[in-house]
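Asks: Make a model of this:
(2 chains)
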Amino acid sequence: GESVGLHLPTLSVQEGDNSIINCAYSNSASDYFIWYKQESGKGPQFIIDIRSNMDKRQGQRVTVLLNKTVKHLSLQIAATQPGDSAVYFCAESTGANSKLTFGKGITLSVRP
Amino acid sequence: GAVVSQHPSRVICKSGTSVKIECRSLDFQATTMFWYRQFPKKSLMLMATSNEGSKATYEQGVEKDKFLINHASLTLSTLTVTSAHPEDSSFYICSAETGVANEAFFGQGTRLTVV
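Replies: Numbers count the residues shown, from 1 in each chain, chains lettered A, B, ... in the order given. Next up is the predicted model:
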């Protein structure tokens, strides 16, 4: 069936370096994508989103890239900080529905 | 962003009892809310879509008589885990749709432990 998945389960980066978290999706009908950050014992926190009519969107220290040709989504975090340590999920939806399909999650660990 | 509040944040109950979890949108009205379940070190799994004033839509494999959902007002949806068993222990998370295309915010989650 359709799925959204992540390539790597864990990512360890040095504080101050840039982080890149990747996500593959298989539903070609998906037209809205979101990155969430989840800290231990808490609900997901919205980071950034992108619609399928765009290929790049920037926020504060974060950039999301969308490659519809290969169904690939990435989250780039600039100057990674210890507070960025968390589990990151990509999620996708179709149409105006807010029903989300989540990827498996990747743990970002920031080394001091 | 909009605020979604879940209560309780943690609950421990005895096997065979029922537990109610509340999801409230504090500063907006939500005609649609979603309930997710998350196992340790796993992703979120959608359980059901809660629609104000109508029956919830359950995902395949989710027992509607086990997980009762009520969405009686535009700011409150409840999930009741009936006759809870240890395998129901999990992290339950709700989200509420703001009405702006695709926009939804998550509650802080409820850790349920059935002993």
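Asks: use CA for all of it now, contacts and neighbours both
Replies: Noted.
Asks: residues from chain A in reach of chain B?
Replies: Taking CA under 8 Å from any CA of the partner chain, the part of chain A that reaches chain B is made up of A:32, A:41-46, A:89, A:93, A:95-105.
Asks: Write a PyMOL command that selects only the buried members of those.
Replies: To isolate the buried members of the residues of chain A next to chain B in PyMOL, using 16 or more other CA atoms under 10 Å in any protein chain shown:
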select buried, chain A and resi 32+42+43+44+45+46+89+93+98+99+100+101+102+103+104+105
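Asks: just checking, which of the residues of chain A next to chain B belong to strands?
Replies: If you go by DSSP state E, these have A:32, A:45, A:46, A:89, A:93, A:101, A:102 in strands.
Asks: ok, now how distant is the fourth one from residue A:112?
Replies: Right, residue A:89. Distance, residue A:89 to residue A:112, by CA to CA, to the nearest Å: 23 Å.
Asks: quick one: what helix or strand has residue B:20 in it?
Replies: For residue B:20, the element it lies in under DSSP states H and E is strand B:19-25.
Asks: swap that for residue B:17, sorry
Replies: Applying DSSP H and E, one finds residue B:17 in no helix or strand.
Asks: Just give the nearest non-adjacent residue to it, would you?
Replies: residue B:83 (4.9 Å; CA to CA, 6 or more residues apart in numbering or on different chains).
Asks: Give me the pLDDT for that neighbour.
Replies: Looking at residue B:83, its pLDDT is 97.
Asks: List the contacts of stretch A:44-51.
Replies: A:31-38, A:56-57, A:59, A:62-64, A:66, B:105-108 (CA atoms under 8 Å, 6 or more residues apart in numbering or on different chains).
Asks: Return the subset of these lying in strands.
Replies: Using DSSP E, those in strands are A:32-38, A:56-57, A:62-64, A:66, B:105-106.
Asks: What is the nearest of these to residue B:31?
Replies: residue B:105 (13.1 Å; CA to CA).
Asks: need the contact list for the closest one.
Replies: Contacts of residue B:105 (CA under 8 Å, 6+ apart): A:45, A:46, B:1, B:2, B:3, B:4, B:95, B:96, B:97, B:98.
Asks: now the helix-or-strand element of chain B with minimal mean pLDDT, how far from the centre of its chain.
Replies: Each helix and strand of chain B was given a mean pLDDT (mean pLDDT, DSSP states H and E); the minimum falls on strand B:104-106 at a mean of 90. With CA atoms, centre = their mean, to the nearest Å as the basis, strand B:104-106 stands 12 Å off its chain's centre.
Asks: Up against chain A, what does chain B have?
Replies: So chain B meets chain A at B:34, B:42-46, B:49, B:93, B:97, B:101-109, B:111 (CA under 8 Å from any CA).
Asks: What distance separates the opening and closing residues of stretch A:69-80?
Replies: Chord length of stretch A:69-80, first to last residue, is 29 Å (CA to CA).
Asks: All good on my end, thank you.
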